[in-house]
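Enquirer: Starting from these lines, generate the structure:
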Amino acid sequence: MALPSRDAVSRAYLFLDLADKCPMEQRDQCEAFMEAAIIFCRTALQRAKTKCKHHPAFKPWWAGLLNDPHLMFIRRRRDWIVKEAPESFG
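Expert: Modelled structure (predicted):
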């Protein structure tokens with residue numbers, strides 16, 4: 001099932017794809033695309049939480065996500081990007 005192009009998950013994939021296509025000479029552009037992907041990924045999670053928080057299966061699903069190392073990475077990196085400084089990707 002394809003998501004609408006304006007959906008946060010679709011935007012995250014778009015920016016990941018753009019980052020992947022950047023040559024090494026465009027490192028700054030690549031990092032900007034990666035930052036945008038992280039921010040849109042976190043946005044998608046927050047929108048899902050808002051939309052689904054009253055569903056009976058939401059709490060166990062969300063609790064499982066909070067322990068997922070991938071989600072922990074997204075949350076920490078997004079907070080750093082938005083509140084502190086641009087991300088540095090190695």
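Enquirer: Tell me how many other residues crowd residue 54.
Expert: Residues within reach of residue 54, counting by other Cβ atoms under 10 Å, total 7. Any C-beta I mention is one placed from the backbone N, CA and C, and that applies to glycine too.
Enquirer: On the three-state scheme, it is what?
Expert: Here residue 54 is recorded as coil under DSSP: H, G, I helix; E, B strand; the rest coil.
Enquirer: so how far is residue 62 from it?
Expert: Per Cβ to Cβ, to the nearest Å, residue 54 is found 12 Å from residue 62.
Enquirer: do the same with residue 14
Expert: From residue 14 across to residue 62, the span is 26 Å (Cβ to Cβ).
Enquirer: go on, residue 49?
Expert: With distances taken as Cβ to Cβ, residue 49 is found 7 Å from residue 62.
Enquirer: Sketch out the strands for this protein, chain order is fine.
Expert: Listed in chain order, the chain contains no strands at all (DSSP state E).
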